[in-house]
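Peer 1: Sequence and predicted structure below; questions after.
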Amino acid sequence: MLRIYNTATRKLEEFKPYGEIVKVYTCGPTVYSFQHIGNYAAYIYWDLLIRTLKIDGFKVKRVLNFTDVGHLVSDGDEGEDKFEKSATKEGRSVYEIAKFYGDDFLQNFRALNLVEPNIIAHATDYIEADKRAVDKMTEGGFTYKTNDGIYYDTSKFPEYAKFARLDLAGLQAGARVNYNNEKKNASDFAVWKFIQPGEKHAMRWDYLGRPGYPGWHLECSTIIEEEFGEPIDIHTGGVDHIPVHHTNEIAQTYAMTGRELAKYWLHCDFITIDGEKISKSLGNVYTLNDLAERGFSPMDFKMWVLSGHYQGTRNFTFESLKASKQRRLNWRNRIALLYQNIEMQNNSEKKCDFVEILSAVNNNLNSAEAFAIIDTVNLDFDDWRKVDELFGLNLINDSPDINDQIHDLIAERQTAREKKDFIRSDEIRAELKTFGITMEDTSTGSVWQYL
Ligand code: AMP
Ligand code: ZN
């Protein structure tokens, strides 16, 4: 039985979906630059959610969006458009930018062995639906027009402050003077932006007789309405989304449909690096490629992410990544021993069945506790298979499928040893090392392990 922490109620709750198919939506990447390891951590946590649901026997329909339009440099309605800025800097079109970084994201998504969503929804494919959504909100009296766009009047939605427990009076008092004085309330936000004459903005669509583009928050409400057409079971994102983006999604969906958006809301906390926020100015915006250059695979990073919990800030260091790499290697070597039918040396290991590991994860995705169990118990090959299915760590795929050449070398070394040809035996040992394999000679024979 799965229990998850629901941001909407601030409680750990037993998961009970609306219907037979669990409907999950994940706020996805803004594809205007490379995603950093903090971003990928978020997708790794939600991958564990999806895998857990499936192993628990649920059918899942999952949608992930790509924000390829409308995200301004701030989460609000000010500043440059992220795509325009990136396109200018790189001398490419905004569409090329979105394609390039979207493809890069997908490549990394696959390298991390994350379960493919049923639908990857590009915001730019939902523009007509966005316009219909704004029409609906306007018909319901939830919007007003200003010189630079159509705004959502948050005072029209009595529950606006509820989800994020916002202090609206404080927000109003803290609002900057002179900024967009056409806004009625500080928390109001653009659902559609007009492009001013002379303004450089390549992505543009006609609506209400003027060129414009959707407000950033709109796409998620629209995509959910188009792809699910009813309240969804689980909505995931980062904690940064709670006060603005998700609050606005809830408000929009209410104005469009009169319904709630999602039953359960899951938010992951942020990753810091060496105790610092991930930011360009600190030069710590590491990508998976940066990790690869230092000898760490996507799976090593995934192992690091899953050795902690999605709630609570996590501090990334290369030391801790090294420890995770080592831990994964240990697990693979345990599988390699099983593969060679060698009994576990450590007799203190108690037998566990996979249920214990799964129940740790079913407790609010506590993979850290599940990993601690895996470290100390004896698993058989079938258990390892299930561990791989649950965490997608490619433990078995990356392990005993050594190629024939290596197989032959191991056999040849065995023969050499039996013939007491230690020179040849040492030669082969050295050769195996170049393939990342070490031979250990024990009283009961030789075994190979990964280096
Ligand atoms: P973005 O592409 O900026 O929209 O971010 C994609 C996802 O990564 C969002 O769910 C963010 O909440 C999440 N995210 C951004 N920075 C971090 C971080 N440092 N740690 C964890 N998640 C993050
Ligand atoms: Zn969203």
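Peer 2: Yes, it's here. Ligands and ions are numbered 1, 2, ... in the order given.
Peer 1: ok, and the closest non-adjacent residue to Cys352?
Peer 2: Of all residues not flanking Cys352 in the chain, Val377 sits nearest, at 3.6 Å (C-beta to C-beta, 6 or more residues apart in numbering). Every C-beta, even on glycine, is put in place using the N, C-alpha and C of the backbone.
Peer 1: need the residues of the stretch 1-150 of the chain near ligand 1, please.
Peer 2: Proximity of the stretch 1-150 of the chain to ligand 1, by C-beta under 6 Å from any ligand atom, involves residues 27, 29-30, 38-39, 41-42.
Peer 1: I'd like those residues as a markdown table, with pLDDT, neighbour count and distance to Trp384 appended.
Peer 2: A markdown table is the format used below for these (pLDDT from 0 to 100; neighbours: other C-beta atoms under 10 Å; distance: C-beta to C-beta, whole Å):
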| residue | pLDDT | neighbour count | distance to Trp384 |
| --- | --- | --- | --- |
| Cys27 | 97 | 21 | 33 |
| Pro29 | 96 | 25 | 32 |
| Thr30 | 94 | 23 | 37 |
| Gly38 | 97 | 20 | 30 |
| Asn39 | 97 | 20 | 29 |
| Ala41 | 98 | 24 | 24 |
| Ala42 | 98 | 25 | 27 |
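Peer 1: just checking: which of those residues also lie near ligand 2?
Peer 2: Counting by C-beta under 5 Å from the ion, Cys27 from those sit close to ligand 2.
Peer 1: ok, the residues of the stretch 1-150 of the chain next to ligand 1 vs ligand 1, which is closest?
Peer 2: Gly38 (2.6 Å; C-beta to the nearest ligand atom).
Peer 1: Return the distance of that closest one relative to Ser443.
Peer 2: Gly38 sits 48 Å away from Ser443, going by C-beta to C-beta, to the nearest Å.
Peer 1: Name the residue of the stretch 301-450 of the chain that lies nearest to ligand 1.
Peer 2: In the stretch 301-450 of the chain, the residue that lies nearest ligand 1 is Arg314 (7.8 Å; C-beta to the nearest ligand atom).
Peer 1: Would you mind measuring from the residue nearest to Cys352 to ligand 2?
Peer 2: 39 Å (C-beta to the ion, to the nearest Å).
Peer 1: which residues does that residue bridge with?
Peer 2: Lys350 (DSSP bridges).
Peer 1: quick one: it and Val355 touch, right?
Peer 2: No - here Val377 lies out of contact with Val355, judged by C-beta atoms under 8 Å, at a distance of 11.7 Å.
Peer 1: between those two, which one's more packed in?
Peer 2: The neighbour count for Val377 versus Val355, taken as other C-beta atoms under 10 Å, is higher for Val377 (15 against 11).
Peer 1: What's the mean pLDDT across the longest helix along the chain?
Peer 2: Assignment by DSSP state H gives helix 318-339 as the longest helix of the chain. Average pLDDT, helix 318-339: 94.
Peer 1: which residues are contacting it?
Peer 2: With contact meaning C-beta atoms under 8 Å, 6 or more residues apart in numbering, helix 318-339 is reached by 291, 294, 296-297, 299-301, 303-304, 307, 344, 371, 374-375, 379-381, 384, 393, 395-396, 398-400, 447-451.
Peer 1: So what's the residue count around the closest residue to ligand 2 within the stretch 251-400 of the chain?
Peer 2: Residue nearest to ligand 2 within the stretch 251-400 of the chain (C-beta to the ion): Leu261, separated by 10.0 Å. Using other C-beta under 10 Å, the number of residues around Leu261 comes to 25.
Peer 1: still on that earlier bit, pull out the buried positions in the longest helix of the chain.
Peer 2: Buried residues in helix 318-339, counting neighbours by 16 or more other C-beta atoms under 10 Å, are found at 321, 324-325, 327-329, 331-339.
Peer 1: now the closest residue to Thr257 other than its chain neighbours: how far from Met137?
Peer 2: Nearest residue to Thr257, sequence neighbours excluded (C-beta to C-beta, 6+ apart): Glu225, at 6.6 Å. According to C-beta to C-beta, Glu225 and Met137 sit 12 Å apart.
Peer 1: ok, the closest residue to ligand 1 within the stretch 101-250 of the chain - contacts?
Peer 2: Nearest residue of the stretch 101-250 of the chain to ligand 1: Gly238, at 1.9 Å (C-beta to the nearest ligand atom). Gly238 is in contact with 27, 42, 267-270, counting by C-beta under 8 Å, 6+ apart.
Peer 1: How far off centre is the helix or strand containing Ala133?
Peer 2: Following DSSP states H and E, one finds Ala133 within helix 127-139. Relative to the mean C-alpha coordinate of its chain, helix 127-139 is positioned 29 Å out (C-alpha atoms, centre = their mean, to the nearest Å).
Peer 1: Skip the chain neighbours and tell me the closest residue to Ala175.
Peer 2: Per C-beta to C-beta, 6+ apart, closest to Ala175 is Ala186, 3.7 Å.
Peer 1: tell me which element that neighbour falls in.
Peer 2: Per DSSP H and E, there is no helix or strand for Ala186.
Peer 1: ok, Ala336 to Leu72 distance?
Peer 2: 51 Å.
Peer 1: Please apply the same query to Lys23.
Peer 2: Counting by C-beta to C-beta, the gap from Lys23 to Leu72 is 29 Å.
Peer 1: Compare these two (neighbour count), which wins?
Peer 2: Using other C-beta under 10 Å as the criterion, Lys23 and Leu72 rank with Lys23 on top: 24 against 19.
Peer 1: who's in contact with the nearest residue to the more buried one once chain neighbours are set aside?
Peer 2: Nearest non-adjacent residue to Lys23, counting by C-beta to C-beta, 6+ apart: Ile232, 4.0 Å away. Residues near Ile232 by C-beta under 8 Å, 6+ apart: 23-25, 224, 261-263.
Peer 1: And the next helix or strand past the helix or strand that Gly170 is a member of?
Peer 2: Element membership of Gly170, judged by DSSP H and E, is helix 168-174. Using DSSP H and E, the helix or strand that follows helix 168-174 in sequence is strand 189-194.
Peer 1: What strands line up against the helix or strand just after that next one, and which way round?
Peer 2: Downstream of strand 189-194, the first helix or strand assigned by DSSP H and E is strand 205-207. Strand pairing for strand 205-207, determined by DSSP bridges: strand 210-214 (antiparallel).
Peer 1: how big is the angle separating the following helix or strand past the strand it pairs with from strand 210-214?
Peer 2: From strand 210-214 onward toward the C-terminus, using DSSP H and E, the following helix or strand is helix 218-227. With axes from the mean of the first three to the mean of the last three C-alpha atoms, to 10 degrees as the basis, helix 218-227 and strand 210-214 are set at 80 degrees to each other.
Peer 1: on that earlier part again, shared neighbours, Glu225 and Met137?
Peer 2: Met256.
Peer 1: Looking at these two, which is more packed in?
Peer 2: Using other C-beta under 10 Å, the more surrounded residue of Glu225 and Met137 is Met137, with 25 against 21.
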